[in-house]
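>>> Sequence plus predicted model, see below.
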Amino acid sequence: MQYVISGLAIFFVYAFSLVVFTKLSKIKYTQILLSKKNLLHGLVYPIGTICLVLLVFTISLLGLQNIFFPNYLAFVNFLWLIPFLLVVLTLKQFVKINKRAFQFGMQNIVIIGSLLVGISEELMFRGILVYYFHIAGWSTIEIMVSTSLMFGLLHGINYINGQDRNTTLMQIFSSTITGFAMFASLAVSQTLLLPIMLHTLFDLSLLLQGGELNHKVKLTKLDIIINLSYYLASVSSLIIIAIISL
C-alpha cells in the first residue's frame, strides 16, 4: 500500500504543479499558440521545469532501467497494431497543419514544447506510476486502467485554464483512450521510449494543426474511419490485457 500512496502523492504533486504554473503564467490554454512568448511561458518553461524534476527524481531514486525498460508487463504481439494506428492517425493530422504555428519563428519552440510534454507525461504516467503500482503488486490490467484514468483526469486542468466544459470533458475521455494506447505501446515494446516518441509526434501534430486552440477541423470519411479504428483498437487492447492478466 505504501507504494500506491507514494505513486498517488507524486501524481497529485505533479497535477498541483501544473495548476500553479498555469496560474502564474496567466496564459489561457486556448492562447498558447498566439505568440512566441505565450508558447515559452505557457508551455516550454513550466513543462520543462517539471520534466527536469521528474528526470532527476527518476535517475537518483528509481533508476533509468526500472522506468525506461520495464519487462514485467503482460502483452501479446497483436498490441503492435496500436502504435501503428497511432502513427497513421498522427500522420493524417500532419496534413492539416495550421500556418499560424509557423508564425513568429515558432517552429522550433513548438517541437521542443511537444517533446517536453511527451517526456514529462509519459515519464509520469507510463513510467513512475507504472513502476510504483507494479512493485505494489498490481496486475497489468489494474495498472493500465488506473494510470490511463489518471492521465485522462489530468486534462481536466485545462478547464481551470480557460477551456470550455464540453471540450474538456471530451478531452478527458479521448485522453483516457489515448492512455490505453500509450500503455499498450509500452507493454508490447517493453520500453518507455516508444510512448514518448508517439506522444511527442501526436502532440506536435495537434499543435501544428491548431488543436490546442480548439481549432475546428472538418472530418472526412477517412478521418472518421481512422479515428474509429484507433479508438476500437485501444479499447480492444484493454480487453486483451484484461484477459491475459487473469
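It's in. On a predicted model such as this, the values are computed, not experimentally measured, just so you know.
>>> low pLDDT regions in this protein?
The model of the chain has pLDDT under 70 over residues 96, 98-105, 209-219.
>>> need the helices for it, in chain order.
With DSSP state H, the ranges of helices along the chain come out as 2-25, 36-39, 45-57, 64-68, 81-94, 107-122, 129-135, 140-154, 157-160, 165-189, 193-208, 221-244.
>>> and Phe75, which of those is closest to it?
helix 165-189 (4.0 Å; Cβ to Cβ). Placement of C-beta: from N, CA and C, glycine included.
>>> So what angle separates the directions of that closest one and helix 193-208?
The directions of helix 165-189 and helix 193-208 differ by 150 degrees, with axes from the mean of the first three to the mean of the last three Cα atoms, to 10 degrees as the criterion.
>>> buried ones in stretch 52-69?
Under the neighbour-count criterion of 16 or more other Cβ atoms under 10 Å, stretch 52-69 has 54, 58, 66-68 buried.
>>> From start to finish, how long is that stretch in a straight line?
Terminal residues of stretch 52-69 are spaced 19 Å apart (Cα to Cα, to the nearest Å).
>>> same check, this time on stretch 53-62
End-to-end distance for stretch 53-62, by Cα to Cα: 13 Å.
>>> Can you name the residues in contact with that stretch?
Here stretch 53-62 makes contact (Cβ atoms under 8 Å, 6 or more residues apart in numbering) with 14, 64, 67, 119-120, 123-124, 127-128, 131.
>>> give me that answer again for 10 Å
10, 13-14, 17, 64, 66-68, 119-124, 127-128, 131-132, 192 (Cβ atoms under 10 Å, 6 or more residues apart in numbering).
>>> And for stretch 2-17?
46-47, 49-50, 53-54, 57, 120-121, 123-125, 128-138, 146-147, 150-151, 153-154, 156-157.
>>> So among the residues you listed, which ones count as buried?
46-47, 50, 54, 120-121, 123-125, 128-134, 136, 138, 146-147, 150-151, 154, 156-157.
>>> returning to that earlier point: which pair of the buried residues of stretch 52-69 spans the longest distance?
The widest separation within those (Cβ to Cβ) is 13.9 Å, between Leu54 and Asn66.
>>> what's the spacing between Gln163 and Met170?
10 Å (Cβ to Cβ, to the nearest Å).
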